[in-house]
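Trainee: test case, fold it:
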Amino acid sequence: MKKLPSLKSVPAKPRALPPATVKVVREAEAALMIQIPITTMKSLKSKALDKDMTLRAFVLQALKKAGVEVSEETLRDRRK
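Mentor: Numbers count the residues shown, from 1 in each chain. The predicted structure follows:
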């Protein structure tokens, strides 16, 4: 009968923990639908595009400048 090699106790290598994930909880949102002139809409879209912003972010930023409460998290571009 063949002898089996002895098993030696080898300390386990410490495993690297995965980076901590931060779950961002967003505030609930509501839809806002308004009727505006087509020329105004074209101008809004053009200005937002010039600033490389979404229309949503552009309007929210304008609302914030007008004194409406808008959080910084809400202003973040969700595309990036």
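
Trainee: list of residues touching the longest helix anywhere in the chain?
Mentor: Assignment by DSSP state H gives helix 38-50 as the longest helix of the chain. By Cβ atoms under 8 Å, 6 or more residues apart in numbering, the residues outside helix 38-50 that reach it are 36, 54, 55, 57, 58, 59. Where you see a C-beta, it was placed from the backbone N, CA and C, and this is true even at glycine.

Trainee: so for the second one, what's the pLDDT?
Mentor: At residue 54 the predicted local distance difference test score is 92.

Trainee: mind giving me the PyMOL select for the contacts of helix 38-50, buried ones only?
Mentor: Under the burial definition 16 or more other Cβ atoms under 10 Å, those of the contacts of helix 38-50 that qualify are selected in PyMOL by:
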select buried, resi 57+58
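
Trainee: show me the contacts of helix 38-50 that map onto helices.
Mentor: 55, 57, 58, 59.

Trainee: which residues are in contact with the last one?
Mentor: Yep, that's residue 59 we're talking about. Listed by Cβ under 8 Å, 6+ apart, the contact set of residue 59 reads residue 44.

Trainee: now with 10 Å, please.
Mentor: 32, 44, 48, 53, 70 (Cβ atoms under 10 Å, 6 or more residues apart in numbering).

Trainee: ok, now residue 64?
Mentor: 70, 71, 72, 74, 75.

Trainee: does it sit in a helix or strand, and which one?
Mentor: Using DSSP states H and E, residue 64 falls within helix 55-65.
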